[in-house]
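Q: next comes the sequence, and after it the predicted model I'd like to discuss.
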Amino acid sequence: MPADATTFAPLVLSDRINAMQESQTIAMAKKARALAAEGVDVISLSFGEPDFQTPQYIKDAAKKALDEGYTFYTPVPGYPELRQAICDKFERDNQLSYAPENIVVSTGAKQALANAVLSLVNPGDEVIVFAPYWVSYEEMVKLAEGTTITLMGTLENDFKVTAQELEAAITPRTRLIMYSSPCNPTGSVFSRAELGAIAEVVARHPQVHVLADEIYEYINFVGEHASLAQFAAVKDRVITVNGFSKGYAMTGWRVGYLAARKEIAAACEKMQSQITSATCSIAQRAALAALQGGRSSADEMVAAYRRRRDLVLELVKDIPGFRTPTPSGAFYIFPDVTGYFGKATPTGEVISSAADLALFMLNDAHVAAVDGGAFGAPNCIRFSTAAADEKLREAFIRIKNSLTKLQ
Ligand SMILES: Cc1ncc(COP(=O)(O)O)c(C=O)c1O
């Protein structure tokens with residue numbers, strides 16, 4: 001072979017990446033964008049993102065941070081003053097005492113969750129994930145080579161898993177339990193009593209830890225937010241995850257955090273030190289200002305989310321075949337759409353899943369939503385209600401008209 005000949009071998013990607021699914025919410029948003037690029041007027045209700053701008057006082061803090069020279073690497077678990085402010089937040093909002101050594105600030109709650117899963121789960125460990133679940137949980141467990149045990153809540157119980165159902169699913173191999181409350185995608189919120197019963201079960205199984213994802217804490221329409229870590233018998237085995245993306249409309253800033261016993265926090269810090277070092281210095285200063293400003297800006301946004309939830313529930317009442325529990329928090333509705341399975345589109349395609357229905361709605365009504373398969377609930381579709389009232393009204397009128405075409 002000549003010395004300058006180039007040899008080509010087929011590209012081999014790792015089994016790890018080949019086994020991983022692309023985020024379905026991002027995939028649906030891509031399809032919607034492609035249609036929009038063709039000039040179609042698409043209403044996208046697929047993304048889990050506030051449609052509000054970050055409050056001005058937080059933006060101002062970021063500009064000031066730049067001017068003051070916050071441009072260097074930060075400590076891996078975050079600036080000490082931010083970690084202290086997060087402790088103060090836990091004390092104020094959740095009556096939970098933590099020291100800065102218990103807190104790790106990350107690149108979004110997503111990294112906080114991944115740090116914890118990768119720090120706690122060994123190959124073959126079982127991770128009980130309450131379903132419907134947030135899309136990334138299962139992929140994170142896969143990355144850690146754990147085995148996901150999906151525990152499905154019933155529609156009758158607002159999709160919430162009960163303590164009894166949890167007890168029955170725990171085995172000697174169970175290492176971790178994961179859930180979100182308020183829940184993405186269902187909007188369900190665990191009450192203090194429900195969490196108390198779950199805490200009693202967890203207390204009986206000392207090898208089990210719990211990853212409690214409270215990223216939607218502030219977007220709660222029922223009032224009280226309860227945390228599993230508030231139950232003293234299990235506090236040391238609960239890792240509470242929260243962040244700034246939803247409550248402060250700061251998705252692009254990428255700041256989230258977890259609180260855990262110091263050994264787990266140290267493990268997450270070690271994981272993070274090798275992957276991202278820390279999140280952005282300027283975003284951390286902005287997050288500090290967000291916390292110092294309290295939660296009044298969040299309260300204003302929550303009033304809008306509640307109004308939109310009520311509007312959408314009113315609109316879906318007119319759509320036959322959608323069974324929709326009333327969400328208590330977050331900004332989604334998650335109807336069961338099995339009533340449409342077996343029906344045919346005008347071009348003769350049979351709707352046999354929520355994925356088929358979501359695709360039909362995108363192509364016919366030009367409304368993008370995410371089918372529940374991505375959340376472990378293949379009979380449902382998730383619609384984000386984080387959109388302007390007129391858009392929501394228009395979207396559900398279009399959907400209603402399109403669905404009448406199914407025979
Ligand atoms: C339940 C849940 N957890 C975590 C996240 C990740 O949030 P962040 O933007 O802080 O990474 C999301 C974002 O959609 C979410 O819905």
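A: All right, it came through fine.

Q: next, work out how far apart residue 43 and residue 51 are.
A: 12 Å (Cβ to Cβ, to the nearest Å). Backbone N, C-alpha and C define where each C-beta goes, glycine included.

Q: all helices of the chain, in order?
A: For the chain, helices defined by DSSP state H occupy the ranges 15-19, 24-37, 56-67, 80-94, 108-120, 136-143, 163-169, 192-203, 262-275, 281-292, 296-317, 354-360, 389-403.

Q: hey, least reliable of the ones you listed by pLDDT?
A: Confidence, taken as mean pLDDT, is least for helix 24-37 of the helices of the chain (a mean of 81).

Q: what residues does the stretch 151-300 of the chain have near the ligand?
A: 180, 184, 213, 215, 243, 245, 251, 256 (Cβ under 6 Å from any ligand atom).

Q: check contacts around the second one.
A: Contact criterion Cβ atoms under 8 Å, 6 or more residues apart in numbering gives 48, 134, 215, 216, 330, 332 as the residues in contact with residue 184.

Q: apply 7 Å and report the result again.
A: 48, 134, 216, 330, 332 (Cβ atoms under 7 Å, 6 or more residues apart in numbering).

Q: contacts only, for residue 21.
A: Taking Cβ under 7 Å, 6+ apart, we find residue 21 in contact with residue 139.

Q: to clarify, my last question referred to residue 225.
A: Neighbours of residue 225 in contact, by Cβ under 7 Å, 6+ apart: residue 217.

Q: list phi and psi for it.
A: Main-chain torsions, residue 225, degrees, to the nearest 10: phi -100, psi 130.

Q: model confidence at it, what's the number?
A: At residue 225, pLDDT is 95.

Q: quick one: it from residue 215, how far?
A: 12 Å.

Q: next one: residue 203
A: 25 Å.

Q: more crowded one of the two?
A: residue 215 (26 against 14; other Cβ atoms under 10 Å).

Q: these two touch, right, the more buried one and residue 243?
A: Yes. The pair formed by residue 215 and residue 243 meets the contact definition of Cβ atoms under 7 Å, at 5.3 Å.

Q: overlap in contacts, the two.
A: residue 109.

Q: residue in the stretch 101-250 of the chain nearest to the ligand?
A: residue 108 (2.5 Å; Cβ to the nearest ligand atom).

Q: how about the contacts made by that residue?
A: With Cβ under 7 Å, 6+ apart, residue 108 has these contacts: 243, 245, 254, 255, 256.

Q: in CSV, list those residues along with distance to residue 77 and pLDDT.
A: Shown next, in CSV, are those (distance: Cβ to Cβ, whole Å; pLDDT from 0 to 100):
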residue, distance to residue 77, pLDDT
243, 14, 98
245, 19, 97
254, 15, 98
255, 12, 98
256, 12, 98
